[in-house]
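> Generate coordinates for the sequence data below:
(one chain, ligands or ions: 2)
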Amino acid sequence: MTSKIPPANGKISIAPSILSADLWQLGEEVRRVENAGADWLHVDIMDGHFVPNLSFGPALVRSLKGKTNLPLDVHLMVEHPAQFIKPFAQAGADLLTIHLEAQDDVCETFQQIRALGVKTGVSIKPDTDVAALKPVLEQVDLILVMSVYPGFGGQSFLPCSPERIKQVRQLITASQRNIWLEVDGGINAQTAPQVIAAGADALVAGNAIFSAKDPAGALNQIRQAS
Ligand code: DX5
Ligand code: ZN
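Residues are numbered from 1 along each chain as shown. Ligands and ions are numbered 1, 2, ... in the order given. Coordinates of the predicted model:
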């Protein structure tokens with residue numbers, strides 16, 4: 001399997017989260033954001049343990065593969081991600097992001113992801129110390145900083161986030177590795193400027209894009225924040 005996620009290239013990439021899509025017409029919703037100029041599609045997977053909510057499984061990822069050209073950015077908010085790596089990779093995930101706070105051995109899980117030809121991501125919740133990322137920097141293609149407590153779309157951006165994003169950007173620069181810095185939660189035209197100024201180059205946005213009458217306009221407003 002080869003991943004469609006390109007190496008970080010200094011450009012801002014936007015990943016609409018289908019958690020906020022109208023699931024009755026998911027195919028049409030995905031086509032709408034793809035035509036509007038989205039870069040990736042963010043798929044939030046929740047297990048009811050790691051976060052107090054349930055969402056999708058590998059079957060949903062499989063149903064998207066081949067129907068859209070957008071790379072599939074799969075965010076695993078699950079307590080035991082290791083058992084789900086192969087099913088999601090086979091279903092067509094281009095990037096698999098696991099949480100540093102998950103119960104499984106994260107280093108082993110990254111190796112498993114890599115071995116399947118999928119890009120690796122690591123995410124931290126708002127209360128996790130940024131320094132805890134240091135031991136895994138060599139193993140990841142992307143760091144996902146949560147700017148809300150994970151579990152639900154449509155929450156407000158946490159004001160502590162820009163400082164944390166800056167610290168992650170410093171870690172990435174010091175590592176001399178080409179690592180994406182993605183931010184997830186409460187991103188819209190008002191919050192995007194501070195997120196980009198702090199050093200993010202990939203932005204997840206659910207509500208701001210799927211609830212917009214004009215998704216292309218919403219994407220441009222977020223992108224122009226740079
Ligand atoms: C939250 C999810 C997010 C969420 C973002 O747990 O990881 O991806 O869908 O939605 P908005 O942009 O509405 O905060
Ligand atoms: Zn997410």
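
> Going by C-alpha atoms from here, please, whenever you check contacts or count neighbours.
Noted.

> what residue ranges in the protein score low on pLDDT?
225-226 (pLDDT under 70).

> That one: strands as residue ranges?
13-16, 41-46, 72-77, 95-99, 119-124, 142-146, 180-184, 202-205 (DSSP state E).

> Tell me which of those sits most buried.
strand 202-205 (a mean of 28; mean count of other CA atoms under 10 Å).

> Dump the longest helix along the chain to PDB, keeping only the CA atoms.
Using DSSP state H, we find that the single longest helix of the chain is helix 161-175. C-alpha atoms of helix 161-175 as PDB (Å, rounded to 0.1, in the frame of the first residue of the first chain):
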ATOM      1  CA  SER A 161      -3.400  25.700  22.200                       C
ATOM      2  CA  PRO A 162      -1.200  28.200  20.300                       C
ATOM      3  CA  GLU A 163       1.500  28.000  23.000                       C
ATOM      4  CA  ARG A 164       1.500  24.200  22.800                       C
ATOM      5  CA  ILE A 165       1.600  24.400  18.900                       C
ATOM      6  CA  LYS A 166       4.700  26.600  19.200                       C
ATOM      7  CA  GLN A 167       6.400  24.200  21.500                       C
ATOM      8  CA  VAL A 168       5.600  21.300  19.100                       C
ATOM      9  CA  ARG A 169       7.000  23.300  16.200                       C
ATOM     10  CA  GLN A 170      10.200  23.900  18.100                       C
ATOM     11  CA  LEU A 171      10.500  20.100  18.700                       C
ATOM     12  CA  ILE A 172      10.000  19.400  15.000                       C
ATOM     13  CA  THR A 173      12.600  22.000  14.000                       C
ATOM     14  CA  ALA A 174      15.100  20.600  16.500                       C
ATOM     15  CA  SER A 175      14.500  17.100  15.200                       C
END
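
> Residue numbers of this protein in contact with ligand 1?
Residues of the chain lying near ligand 1 by CA under 6 Å from any ligand atom: 17, 19, 44, 150-155, 184-187, 205-207.

> run the last query once more with 8 Å
16-20, 42-44, 51, 75, 77, 146, 148-157, 184-188, 204-209 (CA under 8 Å from any ligand atom).
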